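K.L.:
coordinates for the following, if possible.
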Amino acid sequence: MKFRSSRLAATAAAVAVLAGFATACNRDGGSAASGKPTIGIDLPRADSDFWNSYAQYIKRGADAEGLKTLPISNSQNDVTKLVANVKVFQNTGAKAVVMAPQDTGAIASTLDRLAAEKIPVVSVDTRPDKGDVYMVVRADNKAYGTKACEFLGEQLGGRGKVAELQGALSSINGRDRSEAFAACMKQKYPGIKVIELATDWKGDVASAKLQSTLAANPDLNGIYMQAGGVFLQPTLALLQQKGLLKPAGQPGHITVISNDGIPQEFDAIRKGQIDATVSQPADLYAKYALYYAKAAAEGKTFEPGPTDHGSTIVALPNGLEDQLPAPLVTKENVDDKALWGNSVSE
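P.N.:
Have a look, this model is predicted:
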């Protein structure tokens, strides 16, 4: 089924208002949400600039649409907390649930329990390995790895050493990005040595491992950060400390590409500190998470195929996935106003 929705126009506010989500978005009993199905929303973490931006879009979107939501929870990158939060949603009348499980293998039993209760689930950014989902709202994460590989490969002329700050390999996103990056490098740029650094999406772990890598490989000339929201600041700080944060175009510059598309990455591109990022659409993640949750609660269904918002719905073994576009951002297009990272108030 094709459908049409307008782009979320509201911009994000400061992260400090996160504490007010529970009351600001609890529409139960409000006239704007009267008679509407109740939606439970869990935010995945608060230690990432990307996810904090997503949280702001969720709040603004829920308010703008007058949705009836339960108090929004945050599972803080802990699947045990996510399971507990979802149980609260079940017990308090949720007709649909929005989540972004960071461990995509450990959530299957919870999804099975929700399916048994006929509570549809919208999963944002991550695709659960097992368990029924109504819709996954996600970009093509294999394309992230491939775009990063091709950018670095071209910039380095097919030769050199690249440190890859991988996300958690327990996450489908970490696996997709890592596998696609490795496959592309092996096929297209065999002259580039890839040093894989597993980080579990933790900035301090990434910084420590990158420091050791730089000590052992002083000729390192490329870095791929799978999540700028957690890796950007510690990586720039380390390069600055080592005297390696040299602007693009100058001798000794380490070519860096990231994933996320947060304002801080755009600033770093403008300054020549990093060279590119792949922009994950935080605004569209929130917009269509809410759209599909409302549709699910109302009993609507969708089918694989192109949508009217520039994406494609694909069939999964356990549901459907709306694959939203995620453009490569470089100094040539970093000021494009259509990029969500240029409309966020820091």
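
K.L.:
my guess is Lys147 contacts Pro327. True?
P.N.:
No. Applying CB atoms under 8 Å, one finds Lys147 not in contact with Pro327, separated by 9.1 Å. All C-beta atoms are positioned from the backbone trio N, CA, C, and that covers glycine.

K.L.:
spit out the residues that contact the two alike.
P.N.:
Residues touching both Lys147 and Pro327 (CB atoms under 8 Å, 6 or more residues apart in numbering) are Val278.

K.L.:
who has more neighbours, those two?
P.N.:
Lys147 (23 against 16; other CB atoms under 10 Å).

K.L.:
which residues in the stretch 151-300 of the chain form strands?
P.N.:
Using DSSP state E, counting those that start in this stretch, the strands found in the stretch 151-300 of the chain span residues 160-166, 192-198, 222-225, 255-260, 276-279.

K.L.:
gap between the fourth one and the chain center?
P.N.:
Right, strand 255-260. Strand 255-260 has its C-alpha centroid displaced from the chain centroid by 14 Å (CA atoms, centre = their mean, to the nearest Å).

K.L.:
tell me which strands and helices it is in contact with?
P.N.:
With contacts defined as 3 or more CB pairs under 8 Å, 6 or more residues apart in numbering; DSSP states H and E, strand 255-260 has these neighbours: helix 141-155, strand 222-225, helix 228-241, strand 276-279.

K.L.:
adding mean neighbour count and mean pLDDT, write the strands of the stretch 151-300 of the chain out as TSV.
P.N.:
Formatted as TSV, the strands of the stretch 151-300 of the chain follow (neighbours: other CB atoms under 10 Å; pLDDT from 0 to 100):
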stretch	mean neighbour count	mean pLDDT
strand 160-166	24	98
strand 192-198	18	98
strand 222-225	27	98
strand 255-260	28	97
strand 276-279	28	97
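
K.L.:
now render these as a markdown table, adding distance to Gly174.
P.N.:
Listed next are those as a markdown table, based on distance: least, CB to CB, whole Å:
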| stretch | distance to Gly174 |
| --- | --- |
| strand 160-166 | 6 |
| strand 192-198 | 8 |
| strand 222-225 | 12 |
| strand 255-260 | 11 |
| strand 276-279 | 15 |
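
K.L.:
nearest to Ala106, out of these?
P.N.:
The closest of those to Ala106 is strand 192-198. By CB to CB, the value is 17.5 Å.

K.L.:
and the closest one, which strands flank it?
P.N.:
Using DSSP bridges, strand 192-198 pairs in its sheet with strand 160-166 (parallel).

K.L.:
angle of the partner strand against helix 228-241?
P.N.:
140 degrees (axes from the mean of the first three to the mean of the last three CA atoms, to 10 degrees).

K.L.:
show me the beta-bridge partners of Val256.
P.N.:
Val256 forms beta bridges with Ile223, as assigned by DSSP bridges.

K.L.:
residue contacts, it?
P.N.:
Val256 is in contact with Gly222, Ile223, Tyr224, Met225, Thr235, Gln273, Ile274, Asp275, Ala276, counting by CB under 8 Å, 6+ apart.

K.L.:
and those, which two are the farthest apart?
P.N.:
Farthest pair in those (CB to CB) is Tyr224 and Gln273. Separation: 15.1 Å.
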